[in-house]
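1. Structure for the following, please:
(one chain, ligands or ions: 1)
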Amino acid sequence: MGKDATAQAAFRAVFHVRNTRPVIALEQVSYAYGPEPLLTDVNLTLAAGSFYFLTGPSGTGKSTFLKLCYGELKPTTGRVTIFDRNVKDMKRDELAIARRRMGVVHQDCQFLDHLPLATNVALPLTVAGRGNELDDLSALLAWVGLGGLADALPPTLSGGERQRAALARAVITSPDVLLADEPTGNLDWDMSQRLLALLVELNRMGKTILVATHDMNLIRAAKQQVNARVLRIRDKRLQAAGADL
Ligand SMILES: Nc1ncnc2c1ncn2[C@@H]1O[C@H](COP(=O)(O)OP(=O)(O)OP(=O)(O)O)[C@@H](O)[C@H]1O
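-> Residues are numbered from 1 along each chain as shown. Alright, predicted model coming up:
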């Protein structure tokens with residue numbers, strides 16, 4: 001085998017291994033805030049590059065599930081593995097390092113209201129000491145359709161603008177996985193479609209996406225565009241949703 005072919009084979013081997021390793025895995029997980037479990041017997045492996053929706057009635061534990069996935073909560077029983085590490089074995093700084101590979105869009109999109117939008121969006125890079133990588137900030141704001149609002153203060157933004165800004169902030173560190181909690185909660189249909197297009201584009205770049213949502217129309221629209229799997233929380237358990245979606 002020639003030198004180039006050998007290098008390519010090695011690259012493919014490495015890429016193949018990287019690409020098939022689970023990003024996040026939950027095994028026999030249960031979680032309880034009080035005496036009664038909220039989630040029980042949860043098993044899921046998020047493969048690199050996969051796209052998942054998580055749905056279920058309000059209060060069934062979708063946000064809790066996402067928090068387990070990014071290590072904000074540790075399971076009551078069972079095992080959560082993030083990038084091949086058991087979260088229970090990870091020290092606080094190790095978890096912080098792993099979290100830099102994960103972008104999170106929180107349900108409430110909190111911002112620092114006294115700082116301009118661009119500074120807010122840049123914050124994850126700044127606090128990670130990677131402020132020198134901010135060259136692409138304008139391009140990122142333009143990508144989410146907020147190019148003209150870099151200097152705006154968060155309280156002056158609409159709900160849709162805030163949600164797109166939260167998405168930009170979640171992906172500024174170029175994470176391998178994006179977890180989004182009701183990212184289209186305040187958006188009208190056109191704006192939801194626009195945000196969905198951004199998520200689809202990220203997934204096509206190889207990012208792993210997990211979106212908690214009540215919005216069945218969003219899920220149906222996504223399934224026209226990507227190979228998205230749909231999970232549902234029912235009776236405290238995680239299930240694959242039916243083909244009706
Ligand atoms: N920190 C907490 N302490 C105690 N109970 C909590 C805590 N956080 C959430 N809960 C409870 O756990 C249950 C599930 O909450 P969670 O936010 O995970 O549900 P959800 O499916 O995301 O709901 P929604 O769709 O309304 O956002 C709710 O009954 C909630 O009140």
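
2. what kind of secondary structure is Met191 in?
-> helix (DSSP: H, G, I helix; E, B strand; the rest coil).

3. That one: what's its closest spatial neighbour, skipping adjacent residues?
-> Gly160 (4.2 Å; CB to CB, 6 or more residues apart in numbering). Every C-beta, even on glycine, is put in place using the N, C-alpha and C of the backbone.

4. same question, Leu195
-> Thr184 (5.5 Å).

5. Tell me, what's the model's pLDDT at that neighbour?
-> Thr184 is assigned 88 on the pLDDT scale.

6. Likewise for Gly34?
-> 94.

7. For Ala118, see how far away the nearest residue to Ala222 once chain neighbours are set aside is.
-> Closest residue in space to Ala222, ignoring its immediate chain neighbours: Ala228 at 4.9 Å, by CB to CB, 6+ apart. Distance, Ala228 to Ala118, using CB to CB, to the nearest Å: 31 Å.

8. swap in Asp41?
-> Asp41 sits 44 Å away from Ala118, taking CB to CB as the criterion.

9. higher neighbour count, those two?
-> Ala118 (20 against 14; other CB atoms under 10 Å).

10. so that one is in which element?
-> Secondary structure from DSSP states H and E places Ala118 in helix 117-127.

11. residues in contact with the residue nearest to Met191?
-> 186-188, 191 (CB atoms under 8 Å, 6 or more residues apart in numbering).

12. Tell me the secondary structure of it, please.
-> helix.

13. pLDDT score assigned to it?
-> So, for Gly160, pLDDT stands at 86.

14. Where does the residue nearest to Leu195 sit: helix, strand or coil?
-> Assigned with three-state DSSP, Thr184 falls in the coil class.

15. so what's it up against?
-> 163, 191-192, 195-196, 213, 215, 218.

16. Turn these into a markdown table, including pLDDT and neighbour count.
-> A markdown table is the format used below for the contacts of Thr184 (pLDDT from 0 to 100; neighbours: other CB atoms under 10 Å):
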| residue | pLDDT | neighbour count |
| --- | --- | --- |
| Gln163 | 89 | 25 |
| Met191 | 82 | 18 |
| Ser192 | 88 | 21 |
| Leu195 | 86 | 24 |
| Leu196 | 91 | 22 |
| Thr213 | 94 | 23 |
| Asp215 | 90 | 20 |
| Leu218 | 92 | 22 |
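
17. Farthest-apart pair in those residues, please.
-> Greatest spatial distance in these: Met191 and Thr213, 13.9 Å, computed using CB to CB.

18. Please enumerate the helices of the protein.
-> Applying DSSP state H to the chain gives helices spanning 3-20, 62-69, 92-99, 117-127, 137-143, 159-171, 189-204, 216-223.

19. wait, which of the ones you listed is closest to the ligand?
-> Of all the helices of the chain, it is helix 62-69 that lies closest to the ligand, at 3.4 Å by CB to the nearest ligand atom.
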